[in-house]
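>>> the following block contains a protein sequence and its predicted model.
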Amino acid sequence: MIEKLNQIGEREILNRLKKFLPSGQLEDDTAQINPYGKEVLINTDVLVEGVHFSNETTSPKDVGWRAIATNISDLACSGVKEILGVTVGIIAPSSTEWTWIEDVYIGLEQALKEFGGQILGGDCSSGKQKVVAITAFGTVGPLRLHRSEAIDGDLLITSGSHGLSRLGLALLLSDPLINTNQLSKELKAQAIYAHQRPQPPLEALRALETCKPNHLSWRAAGTDSSDGLLDAVQNLCASSNCQAILDPNKLPRDKNWPLGAHWDNWCMSGGEDFELVLSLPPEWGKALLQVFPSSKQIGRMQTGMPKVYWNNGKEITNSKYSGFKHFY
């Protein structure tokens, strides 16, 4: 039987591709090379029309901004120090108006002015749908975060609230599943901004670096929640070969977030939140909670099979919390 990508799924696709790469290279959000003795992080992300953006939800300038933000988020969750620059690949139908390309580049430039780096080059080609592919480069800071460094006793901490981007998408599409009357104006504006102009967690990373207790080593585990909070925790568990225990009363909800199973699903698996998800020694984790007000402890790590559980012992599965799928 010929297997299709939507039958295999992204996680298994990456697992099968490991044989083509050096050992451990797909265990993190970024790759690392050491040219001439310097440690450089490299990341590539692709935004595809109809999958990651559309004319109904995202202006060309926002497409450019989001393309940069997604890449820098991956660099941040690997411990980047300085954003060096990006290369840009664009595919678009030949009928595309020039102003769309120009506005994408304006969005790219706006994001780089905010977060650092410059456009170094790239390529363009025609195709049936619009695609923006970014490769970003950055230097390694004092904290080189890996997914594989979580251990028993760590606190699970995320740098901010989750679900906002998914709510923003629903609002932009006038999703009938939500009752806008139950949402505050503040929450609606915040959610739309989170979807169109996401902020990579560079400030959270800097806070994490500066608040480390002096007597502790730089051992910590981290990733980002670009594909959803649950997916991020599962990745930490799989790479570190341990399990996570989450507290349902400590989900990282915004202060104005409605209660209910539907809203918890978006918090757990909405995707594109671009927050750090960290496994930290307790003393370091408590220090981060004090110095970075938006951070939240959501659970802890312990020895066991690499799965995710509620603190009542019930396993948290993808069948209930269905997150973003790259192939469907």
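Cool, the structure landed.
>>> quick check, Trp266 in contact with Arg166.
Yes - between Trp266 and Arg166 there is a contact under C-beta atoms under 8 Å: 4.6 Å. The way it works is simple: take the backbone N, C-alpha and C, and place the C-beta from them, glycine included.
>>> and those two? Which one has more around it.
Trp266 (28 against 25; other C-beta atoms under 10 Å).
>>> next, count neighbours for the spatially closest residue to that one that is not a sequence neighbour.
Spatially, and ignoring its direct neighbours in sequence, Trp266 is nearest to Gly163 (4.1 Å; C-beta to C-beta, 6 or more residues apart in numbering). As a burial measure, Gly163 scores 27 neighbours (other C-beta under 10 Å).
>>> what sits against Gly163?
Residues in contact with Gly163 (C-beta atoms under 8 Å, 6 or more residues apart in numbering) are Arg253, Asp254, Trp257, Trp263, Trp266, Cys267, Met268, Gly270, Asp273.
>>> assign a three-state SS to the last one, would you?
On the three-state scheme (DSSP: H, G, I helix; E, B strand; the rest coil), Asp273 is labelled coil.
>>> give me the pLDDT value at it.
For Asp273, the pLDDT comes out at 95.
>>> same check on the one 4 residues further on?
According to the model's per-residue confidence, Val277 sits at a pLDDT of 98.
>>> my read: it touches Leu229, true?
Yes - using C-beta under 8 Å, Val277 makes contact with Leu229 at a distance of 6.7 Å.
>>> present the contacts of Gly163 as TSV; the columns should include secondary structure.
What follows is the contacts of Gly163, written out as TSV (three-state DSSP):
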residue	secondary structure
Arg253	coil
Asp254	coil
Trp257	coil
Trp263	helix
Trp266	helix
Cys267	helix
Met268	helix
Gly270	coil
Asp273	coil
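>>> closest to Ser78 out of those residues?
Nearest to Ser78 among those: Asp273, at 17.2 Å, using C-beta to C-beta.
>>> what about the closest one, how many residues nearby?
By the measure other C-beta under 10 Å, the count of residues near Asp273 is 30.
>>> before we move on, what about the one 4 residues further on?
A count of nearby residues for Val277, using other C-beta under 10 Å, gives 29.
>>> tell me where the model's unsure across the chain.
Scanning the chain for pLDDT under 70 picks out the ranges 1, 4-5, 7-11, 13-14, 17-29, 36, 319-328.
>>> again, only this time at 90
1-38, 51, 125, 176-182, 261-262, 317-328 (pLDDT under 90).
>>> report the buried residues of the longest strand belonging to it.
Longest strand of the chain, by residue count under DSSP state E: strand 80-92. Buried positions in strand 80-92, judged by neighbour count with 16 or more other C-beta atoms under 10 Å: Val80, Lys81, Ile83, Leu84, Val86, Val88, Gly89, Ile90, Ile91, Ala92.
>>> so what's the fourth one up against?
Listed by C-beta under 8 Å, 6+ apart, the contact partners of Leu84 are Val40, Gly117, Phe137, Gly138, Thr139.
>>> next one: phi and psi at the residue lying closest to the first one once chain neighbours are set aside?
Leaving out its chain neighbours, the residue that sits closest to Val40 by C-beta to C-beta, 6+ apart is Ile33, at 5.4 Å. Per-residue torsions, Ile33: phi -130, psi 160 (degrees, to the nearest 10).
>>> now Ile33: how far from Phe137?
10 Å (C-beta to C-beta, to the nearest Å).
>>> shared neighbours, those two?
Contacts common to Ile33 and Phe137, judged by C-beta under 8 Å, 6+ apart, are Val40, Ile42.
>>> more crowded one of those two?
Phe137 (21 against 10).
>>> for that one, grab phi and psi.
phi -130, psi 140.
>>> who's in contact with it?
Per C-beta under 8 Å, 6+ apart, neighbours of Phe137: Val40, Leu41, Ile42, Ile83, Leu84, Gly85, Val86, Gly117, Leu120.
>>> how about the nearest residue to Ala194 once chain neighbours are set aside, what does it touch?
Nearest residue to Ala194 in three dimensions, chain neighbours excluded: Leu164, at 3.9 Å (C-beta to C-beta, 6+ apart). Neighbouring residues of Leu164 by C-beta under 8 Å, 6+ apart: Gln190, Ala191, Ala194, His195, Asp254, Gly270, Asp273.
>>> the residue nearest to the first one when sequence neighbours are not counted and Tyr193, how far apart?
Pointing back at Gln190 there. Counting by C-beta to C-beta, 6+ apart, Gln190 lies nearest to Leu164, which is 6.1 Å off, once chain neighbours are set aside. In this view, Leu164 and Tyr193 are 8 Å apart by C-beta to C-beta.
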